[in-house]
Each structure stands twice: as C-alpha cells, then as structure tokens.
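I would like to see how this sequence folds:
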Amino acid sequence: MPLTMYSLSIPVFARGFSALGRLLDKAEAFAAESGTPLDALFNARLAPDMLPLSGQIQRASDTSKNAIARLTALEVPRFPDDEQSFADLRQRIDKTVAFFETVSPEHLEGSEKREVTLNFPNLKVTFSGDDYLLKFVLPNFYFHLTTAYDILRHKGVPLGKADFIGGLD
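Numbers count the residues shown, from 1 in each chain. Prediction:
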C-alpha cells in the first residue's frame with residue numbers, strides 16, 4: 001500500500017488517541033491505588049511555563065483536527081478548552097476520533113500539493129501540504145502525546161514505552 005496523506009494522518013492520529021486513552025486508564029488506576037487525587041494528575045505539568053496534562057490533550061486534539069481542516073475542505077468541529085475532569089478528557093478524545101472516522105482517503109487526495117500558510121506573531125510560514133503534515137503537524141502532535149506521557153510518568157504513574165507505542169498487532 002503506498003503512503004498517502006490519509007495513511008500518514010488519520011490512522012496515526014487515531015492510534016495516538018487510543019494510546020492516550022490507555023494512559024488515562026493507567027493514571028486513574030494509579031490514582032485509585034495510591035490515593036493520589038485525580039486533579040493532581042489533571043493539572044500536573046512538567047514545568048511552570050508548560051501546559052498541564054489537560055492542555056496537552058487539548059492541543060493534541062486541536063493540532064490533529066486543525067491539520068485536517070487546512071488540508072481539506074471539511075468543516076472541522078471546534079471544542080472549547082473547558083475540560084474539568086478525566087471524563088471530560090475522554091469525551092474530548094472520543095469526539096476527536098469520531099470526527100476522524102468521517103474523513104475518507106478521498107478527502108485528502110491531492111492535499112500534499114495544497115498550500116498551507118501559518119501566521120505566528122512575528123513569522124509567516126508557507127508549506128506544501130506534505131511538508132506541513134510531515135514537518136509541522138506530526139512533530140507537534142507527538143510532542144503533545146509525549147508530554148502527556150511524561151507528565152503522568154513524572155507523577156509516578158507506572159508507564160513504559162509499550163504504553164506509549166500501543167498495541168502492535
């Protein structure tokens with residue numbers, strides 16, 4: 001099967017959110033066993049200037065679904081960043097994955113050539129669609145997944161590399 005913009009995005013995002021769900025499962029089990037308040041995990045961050053666990057999941061959601069918006073003509077759902085609990089984070093993950101289930105390979109056909117321009121405070125960057133996905137979106141998506149993993153691991157949740165990578169079957 002050849003690599004396509006679809007195969008490089010939608011299944012990758014879905015797999016990442018599946019792993020995030022399993023990380024949350026382990027975090028909740030750890031909290032119950034150790035007596036750690038879930039809020040202490042929900043609001044945990046690696047450094048004062050970094051987003052907490054909740055923000056990492058919100059950004060993974062926004063990064064991935066906004067990429068699909070920029071690469072297609074699809075209307076992408078917007079979610080307010082108002083999650084207050086692990087249940088809310090799971091709902092955010094579920095809604096994001098449900099959106100991905102509506103995206104077909106045809107939606108992304110030709111998007112590798114689509115021009116994507118991002119405006120930052122002091123910088124404007126224009127990418128081809130494939131460069132945007134490979135050099136900007138996927139690194140950002142994995143940054144937020146990894147940071148969520150790192151926050152939980154740092155707080156004592158017993159996680160290993162296999163929890164991050166997920167099932168290989």
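
Tell me how many other residues crowd residue 119.
9 (other Cβ atoms under 10 Å). Bear in mind the C-beta positions are built from the backbone N, C-alpha and C, glycine included.

any idea whether it is helix, strand or coil?
strand (DSSP: H, G, I helix; E, B strand; the rest coil).

is it true that residue 46 touches residue 150?
Yes - between residue 46 and residue 150 there is a contact under Cβ atoms under 8 Å: 6.0 Å.

For residue 135, give me its contacts.
residue 127 (Cβ atoms under 8 Å, 6 or more residues apart in numbering).

which neighbours do residue 46 and residue 150 share?
Common contacts of residue 46 and residue 150 (Cβ under 8 Å, 6+ apart): none found.

any idea how far the residue nearest to the spatial centre of the chain lies from residue 88?
For the chain, the residue nearest the mean C-alpha position is residue 60 (2.5 Å; Cα atoms, centre = their mean). Using Cβ to Cβ, to the nearest Å, residue 60 is found at 15 Å from residue 88.

For the lengthiest helix in the chain, name the packing helices and strands.
Scanning the chain for the longest helix, with DSSP state H as the assignment, gives helix 10-34. Packing contacts for helix 10-34, counted by 3 or more Cβ pairs under 8 Å, 6 or more residues apart in numbering; DSSP states H and E, involve helix 38-42, helix 53-71, helix 86-100, helix 138-154, helix 161-165.

How many neighbouring residues does residue 160 have?
Counted with other Cβ under 10 Å, residues neighbouring residue 160 total 10.

do residue 22 as well
16.

Also the one 3 residues further on?
For residue 25, the count of nearby residues is 13 (other Cβ under 10 Å).

And for residue 112?
18.

Now it. Nearest residue, chain neighbours left out?
residue 130 (3.9 Å; Cβ to Cβ, 6 or more residues apart in numbering).

what's the pLDDT at that neighbour?
Residue 130 is assigned a predicted lDDT (pLDDT) of 97.

Could I get the contacting residues of it?
Counted by Cβ under 8 Å, 6+ apart, residue 130 has contacts 5, 112-113.

now the residue of the chain positioned farthest from its centre: how far from residue 97?
Farthest-out residue of the chain from its mean C-alpha position, per Cα atoms, centre = their mean: residue 35, at 27.8 Å. If you measure residue 35 against residue 97 using Cβ to Cβ, the figure is 31 Å.

I'd guessed residue 70 sits against residue 116; true?
Yes - at 4.9 Å, residue 70 counts as touching residue 116 under the criterion of Cβ under 8 Å.
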